[in-house]
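Enquirer: Just to be clear, the model below is a prediction. Sequence and coordinates:
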Amino acid sequence: MAEIKYMVFNLEDQLYSLKLSNINGIEYIYNIVPVPAGAKYMKGIIHLRNQIVPVYNLKERFSIEETNTSTERQLLITETHGIKLGIEVDGVKGIIPVPEENIKEVPHVVKSDDTTYLENVIKVTLPETGKTEIVLTISIDRLMPDKDFDSIASSISNMEQSDE
């Protein structure tokens, strides 16, 4: 039986995941520079290994109220539509292999135009507690409309050209 590895993380008290194959790295210390009038749900940008990387605000996208004031947030570095993207999370729970039988489609009652970013529902056992949880998986490629990715790509290109 095949398994797929997921990076499980939390936003406030809710668990989410991305396929591990979509994660390029985790950053623990960073300084996000806000960008006035930036693309919707963009928290700002960081400078990472000589690249400008936009930081996506999942909490705002998911309408999760900001109550966690922890300074130990992390950035999951991913890539989509040819753009490196940082996703701020409250904490990474771990890389968890999930057997195919524990990967299900998102129920039809949850699907809508506003939830196209949801990919699957997985059942995982958290390594730190041994507790079994139901976790929503996110499709990084469907987080934003293509026009938003195009706008971000254009902005990054302009910033990088002005650095030369």
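Expert: Okay, I see it.
Enquirer: Secondary structure element for E119, which one?
Expert: E119 belongs to strand 118-125 when assigned by DSSP states H and E.
Enquirer: which other helices and strands contact that strand?
Expert: Counting by 3 or more C-beta pairs under 8 Å, 6 or more residues apart in numbering; DSSP states H and E, the packing neighbours recorded for strand 118-125 are strand 3-11, strand 91-99, strand 103-105, strand 132-138. Any C-beta I mention is one placed from the backbone N, CA and C, and that applies to glycine too.
Enquirer: what about 7 Å?
Expert: strand 91-99, strand 103-105, strand 132-138 (3 or more C-beta pairs under 7 Å, 6 or more residues apart in numbering; DSSP states H and E).
Enquirer: How about the contacts made by the spatially most central residue of the chain?
Expert: Residue closest to the average C-alpha location in the chain (C-alpha atoms, centre = their mean): I87, at 4.3 Å. Shown in contact with I87 (C-beta atoms under 7 Å, 6 or more residues apart in numbering): 56, 58, 75-76, 78.
Enquirer: just the strands in the chain please.
Expert: Counting by DSSP state E, one finds strands in the chain at the ranges 3-11, 14-19, 23-27, 42-48, 51-56, 74-80, 83-89, 91-99, 103-105, 118-125, 132-138.
Enquirer: Would you mind putting these into a markdown table with distance to K111 alongside?
Expert: Output for these, formatted as a markdown table (distance: least, C-beta to C-beta, whole Å):
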| stretch | distance to K111 |
| --- | --- |
| strand 3-11 | 20 |
| strand 14-19 | 17 |
| strand 23-27 | 25 |
| strand 42-48 | 25 |
| strand 51-56 | 22 |
| strand 74-80 | 21 |
| strand 83-89 | 22 |
| strand 91-99 | 21 |
| strand 103-105 | 9 |
| strand 118-125 | 7 |
| strand 132-138 | 12 |
